[in-house]
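Undergrad: Need a 3D model of the sequence below.
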Amino acid sequence: MFKKLALLLFILIAKLSNSTAQVDSIEQILSTTKIDTVKLKAYSDLNWLLLRSNSAKAKQYAFDELLLAQKINNRKYIAQGYNDIGISLIAESNFKESLKYHNLALVIRLSLGNQKDIASSYSKIGYCYSEMDQFKNALDVQLKALFIYRQLKENKNTTYTLNNICYLYSGLKNYDKVVEFASQAYKLAVAENDSFSIANALHNLSTSYEKKNDFNEAINNEKKALQIFSLLNDSIQVGATLNNLGYYYRQLYRDEIALDYYLQALKIAELTHDKNSIGLYHNNVGNVYLTNKDYTHALYHLKLAEKICTEQDMKSTLLLVYKSFGDVYALTGKGTLAVENYNKYTTIKDSIFSLDMVEQFSTLQTKYEIKEKEATNLLLQKENELTQAELAKSNIIKWSLVITLLLCIPLVYLFYNSFKLKQQRLLDSQLHKQQEENAKAIIEAEENERTRIARDLHDGIGQQLSAAKLNLSGLKSVLEPTANFNKDMLDNAIELVDESIHEIRTVSHNMMLDSLVKIGLVTAVKNFINKLNNTDKIKINIETFGIHQRLDNVVETVVFRILQELMNNIIKHANATEVSIQIIKHDNELSLLIDDNGNGFDTAKMGSFEGIGLKNILTRVNYINGKVFFDSFVGRGTTVTVEIPLNT
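TA: From the prediction side, this is the model:
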């Protein structure tokens with residue numbers, strides 16, 4: 001599994017000098033001074049210096065700092081004490097408890113008004129949220145930190161925060177934003193000559209290449225980052241980068257190289273006691289052995305991963321562990337254990353999905369309501385401006401000479417109409433833009449839900465059926481030769497399971513548009529039609545004109561789904577033997593024409609049709625302001641024309 005580099009909270013911690021001399025010097029000051037504020041500063045400095053070498057002692061100094069600050073009611077150091085305890089808990093990977101202390105620090109810092117301290121608390125709260133896989137909460141506070149650091153012109157902290165935000169957008173799978181913020185971070189890091197931030201920006205850029213399936217370029221960027229992290233002696237980031245390189249080489253089917261990188265990363269994680277990474281890396285190593293059918297070593301590493309992930313409550317990694325367990329047991333003929341682990345996988349995945357989707361749809365709805373409210377407010381504002389303009393003109397006219405008034409009335413009237421039309425056009429344009437954004441968001445949400453369901457069918461039910469088939473096949477081998485009746489029933493059962501597996505794969509592939517994302521509309525449509533042409537019952541001819549480059553993602557998705565729906569209707573209801581499809585791109589319009597020689601229907605009765613296919617077509621076309629026309633008569637076939645405007 002791919003591992004995003006950790007947030008940059010520990011950049012400063014990793015660079016701290018924890019020399020014995022420096023610690024001894026501050027402890028000497030602490031034992032001799034009688035000034036409370038000097039003691040508080042010493043406690044905080046000792047906590048910071050000992051975080052990497054003695055986290056337990058560092059945490060004790062933080063608690064001593066908090067108790068003294070509370071005793072003398074020094075609110076600045078009360079907040080600092082909460083902050084230092086929170087950092088100590090992060091060093092112990094106790095992110096839930098750390099979040100509580102950093103929120104306490106933030107409340108006090110907000111009341112004191114020191115913007116740099118406030119931004120620091122936001123950054124650490126974001127770190128805790130990210131380690132708990134709460135990416136949306138993490139993103140919210142990191143953006144607040146970024147705003148403050150930019151206002152203060154804190155370029156180094158701005159760079160760190162930009163890279164943090166890249167990590168969060170990766171978690172949210174918004175890779176366009178990753179590129180946007182990574183480019184900003186890289187430019188600023190180069191200007192600041194900040195090697196660490198340059199390396200992290202390179203890593204974030206490699207993530208974007210990986211999502212475009214350009215793994216060679218991803219490897220090039222990751223190796224540059226690895227070189228910098230190695231020079232900085234940053235073990236945590238070196239381990240994460242080695243793991244990422246292992247992932248990239250696995251995608252290129254070079255498992256021997258991938259395993260070497262994974263094992264290097266695991267060794268570093270064990271030396272640094274990074275439990276979250278240890279759990280992840282054991283899972284990755286186990287999966288390489290699984291792919292190469294070394295089930296003994298695979299189970300060894302997966303069991304270690306399960307133990308650590310359960311202790312650390314790492315649900316996202318534990319999900320992958322149970323999926324791998326299921327695969328191992330299914331491939332080794334242990335059907336009961338395979339089903340048991342697939343069920344665990346499905347349970348965890350459903351729990352993660354249900355929480356995530358509720359939040360995503362809530363966010364989508366909130367954004368929609370905000371934009372709708374902004375449009376309404378804009379409309380009211382324009383109407384008020386027009387009303388005020390009318391009153392001003394009325395007062396001028398009232399105090400003007402009658403002759404001048406009579407001469408100016410036509411000019412004023414023309415000016416008013418022109419102004420009103422201009423404002424109306426501006427408002428219409430803004431409302432149209434809002435509708436396009438809302439439509440895109442709705443379609444993307446729908447496609448994400450289709451993809452989730454398809455993966456659940458393929459990974460969950462499909463794998464369970466495969467395990468069931470293994471058990472049935474095993475049962476067949478132990479039946480008595482004379483039990484013909486039972487063997488026939490068993491053969492039928494195995495055949496039904498085979499058909500079910502095939503049907504689930506077909507349904508899941510139709511629901512997912514991976515091919516469309518990778519190869520574009522024209523190739524995806526031709527592949528889809530080629531599958532339908534494999535039968536002798538129907539002949540389909542397709543022609544495309546003017547499509548020389550990729551179209552907008554939403555347009556490609558809508559056209560493909562409409563074509564799918566229309567072909568399904570033709571196959572199920574039309575009894576057609578020939579179908580002609582044309583996809584034509586003009587300068588600012590895309591046309592889809594589908595003509596069949598089937599039964600046809602009475603278009604006057606379309607409003608009374610109960611099926612959802614036609615409604616889906618009309619809804620999708622309306623989302624992107626397109627038009628659809630049906631030309632059909634009973635016994636004469638049907639021609640469907642879809643016209644979709646394109647942005648120029």
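
Undergrad: pretty sure Asn647 belongs to a strand, no?
TA: No - Asn647: not assigned to a strand; according to DSSP: H, G, I helix; E, B strand; the rest coil it is coil.

Undergrad: Can you give me the neighbour number for the closest residue to it other than its chain neighbours?
TA: In space, not counting the residues next to it along the chain, Asn647 is nearest to Asp552; the distance is 6.8 Å by Cβ to Cβ, 6 or more residues apart in numbering. For every residue, glycine as well, the C-beta is placed using N, CA and C. Other residues near Asp552 come to 15 when the count uses other Cβ atoms under 10 Å.

Undergrad: Please enumerate the helices of the stretch 51-200 of the chain.
TA: Ranges of helices in the stretch 51-200 of the chain, per DSSP state H, counting those that start in this stretch, are 55-72, 75-91, 95-112, 115-131, 135-151, 155-171, 175-192, 195-211.

Undergrad: Could you dump the ones you listed into a markdown table with mean pLDDT and mean neighbour count added?
TA: Output for the helices of the stretch 51-200 of the chain, formatted as a markdown table (pLDDT from 0 to 100; neighbours: other Cβ atoms under 10 Å):
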| stretch | mean pLDDT | mean neighbour count |
| --- | --- | --- |
| helix 55-72 | 92 | 18 |
| helix 75-91 | 92 | 24 |
| helix 95-112 | 93 | 18 |
| helix 115-131 | 91 | 23 |
| helix 135-151 | 89 | 19 |
| helix 155-171 | 84 | 25 |
| helix 175-192 | 85 | 18 |
| helix 195-211 | 83 | 24 |
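
Undergrad: Distance to Ala305 for these - can I get that in JSON lines?
TA: Listed next are the helices of the stretch 51-200 of the chain as JSON lines, based on distance: least, Cβ to Cβ, whole Å:
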{"stretch": "helix 55-72", "distance to Ala305": "24"}
{"stretch": "helix 75-91", "distance to Ala305": "22"}
{"stretch": "helix 95-112", "distance to Ala305": "19"}
{"stretch": "helix 115-131", "distance to Ala305": "17"}
{"stretch": "helix 135-151", "distance to Ala305": "22"}
{"stretch": "helix 155-171", "distance to Ala305": "20"}
{"stretch": "helix 175-192", "distance to Ala305": "27"}
{"stretch": "helix 195-211", "distance to Ala305": "22"}
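
Undergrad: who wins for proximity to Ile547 among these?
TA: For Ile547, the closest of the helices of the stretch 51-200 of the chain is helix 175-192, at 22.9 Å, according to Cβ to Cβ.

Undergrad: mind exporting the closest one as PDB, just the C-alpha atoms?
TA: As requested, the backbone C-alpha atoms of helix 175-192 are provided in PDB (Å, rounded to 0.1, in the frame of the first residue of the first chain):
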ATOM      1  CA  TYR A 175      -5.200  15.200  -7.000                       C
ATOM      2  CA  ASP A 176      -5.700  18.400  -8.900                       C
ATOM      3  CA  LYS A 177      -5.400  20.200  -5.600                       C
ATOM      4  CA  VAL A 178      -2.300  18.200  -4.800                       C
ATOM      5  CA  VAL A 179      -0.600  19.500  -7.900                       C
ATOM      6  CA  GLU A 180      -1.800  23.100  -7.200                       C
ATOM      7  CA  PHE A 181      -0.500  23.200  -3.600                       C
ATOM      8  CA  ALA A 182       2.700  21.100  -4.300                       C
ATOM      9  CA  SER A 183       3.700  23.500  -7.000                       C
ATOM     10  CA  GLN A 184       3.300  26.500  -4.600                       C
ATOM     11  CA  ALA A 185       5.300  24.600  -1.900                       C
ATOM     12  CA  TYR A 186       8.100  23.700  -4.300                       C
ATOM     13  CA  LYS A 187       8.500  27.300  -5.600                       C
ATOM     14  CA  LEU A 188       8.500  28.800  -2.100                       C
ATOM     15  CA  ALA A 189      10.900  26.000  -0.700                       C
ATOM     16  CA  VAL A 190      13.400  26.700  -3.500                       C
ATOM     17  CA  ALA A 191      13.300  30.400  -2.800                       C
ATOM     18  CA  GLU A 192      13.900  29.700   0.900                       C
END
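
Undergrad: hang on, isn't the residue nearest to Asn647 packed against Leu590?
TA: No - under the criterion of Cβ atoms under 8 Å, Asp552 makes no contact with Leu590, lying 9.8 Å away.

Undergrad: any common contacting residues for the two?
TA: Taking Cβ atoms under 8 Å, 6 or more residues apart in numbering as the contact rule, Asp552 and Leu590 both touch Leu646.

Undergrad: Enumerate every residue touching the residue lying closest to Ala201 once chain neighbours are set aside.
TA: Spatial nearest neighbour of Ala201, excluding adjacent residues (Cβ to Cβ, 6+ apart): Tyr186 at 3.7 Å. With contact set as Cβ under 8 Å, 6+ apart, Tyr186 has these partners: Ile198, Ala201, Leu202, Leu205.

Undergrad: pLDDT below threshold where in this protein?
TA: Scanning the chain with the threshold set as pLDDT under 70 gives 1-19, 351-409, 411-413, 415-416, 419-420, 423, 427-488, 501-518, 607-613, 648.

Undergrad: For Gln237, see how far away the residue nearest to Ala201 is.
TA: Using Cβ to Cβ, to the nearest Å, Tyr186 is found at 16 Å from Gln237.

Undergrad: same question, Asn533
TA: Distance, Asn533 to Gln237, using Cβ to Cβ: 52 Å.

Undergrad: Also Leu68?
TA: Taking Cβ to Cβ, one finds Leu68 at 35 Å from Gln237.

Undergrad: Show me which residues of the strand or helix carrying Ala258 are buried.
TA: Using DSSP states H and E, Ala258 sits in helix 255-272. By neighbour count on 16 or more other Cβ atoms under 10 Å, the buried set for helix 255-272 is Asp255, Ala258, Leu259, Tyr261, Tyr262, Leu263, Gln264, Ala265, Leu266, Ile268, Ala269.

Undergrad: Please apply the same query to stretch 291-303.
TA: By 16+ other Cβ under 10 Å, the buried positions in stretch 291-303 come out as Tyr295, Ala298, Leu299, His301, Leu302.

Undergrad: Quickly check those for the two that are furthest apart.
TA: Farthest-apart pair in those is Tyr295 and His301; separation 11.1 Å (Cβ to Cβ).

Undergrad: Which neighbours do the two have in common?
TA: Tyr289.

Undergrad: and Thr544, helix, strand or coil?
TA: Of the three states, Thr544 takes strand according to three-state DSSP.

Undergrad: list the contacts for it?
TA: Val522, Val525, Gln582, Ile583, Ile584.

Undergrad: Ser235 now?
TA: Ile268, Leu271, Thr272.

Undergrad: Do I have it right that the last one meets Ala240?
TA: I take that to be Thr272. No - look at Thr272 against Ala240 with Cβ under 8 Å: they stay out of range, at 10.8 Å.

Undergrad: CA atoms of the following helix or strand past the helix holding Ala258 as CSV?
TA: Next helix or strand after helix 255-272 toward the C-terminus (DSSP H and E): helix 275-291. Only the C-alpha atoms of helix 275-291 are listed here, as CSV (Å, rounded to 0.1, in the frame of the first residue of the first chain):
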residue,chain,number,x,y,z
LYS,A,275,4.0,1.6,15.2
ASN,A,276,1.6,2.9,12.5
SER,A,277,4.3,2.5,9.8
ILE,A,278,5.3,-0.9,11.2
GLY,A,279,1.8,-2.2,10.8
LEU,A,280,1.4,-0.8,7.3
TYR,A,281,4.8,-2.1,6.1
HIS,A,282,4.2,-5.7,7.4
ASN,A,283,1.0,-5.7,5.4
ASN,A,284,2.8,-4.5,2.3
VAL,A,285,5.6,-7.2,2.7
GLY,A,286,2.9,-9.9,3.2
ASN,A,287,1.1,-8.9,0.0
VAL,A,288,4.3,-9.3,-2.0
TYR,A,289,4.7,-12.8,-0.6
LEU,A,290,1.0,-13.5,-1.3
THR,A,291,1.4,-12.4,-5.0
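
Undergrad: Helix 275-291 relative to helix 115-131, how many degrees between them?
TA: Helix 275-291 and helix 115-131 are oriented at 30 degrees to each other (axes from the mean of the first three to the mean of the last three Cα atoms, to 10 degrees).
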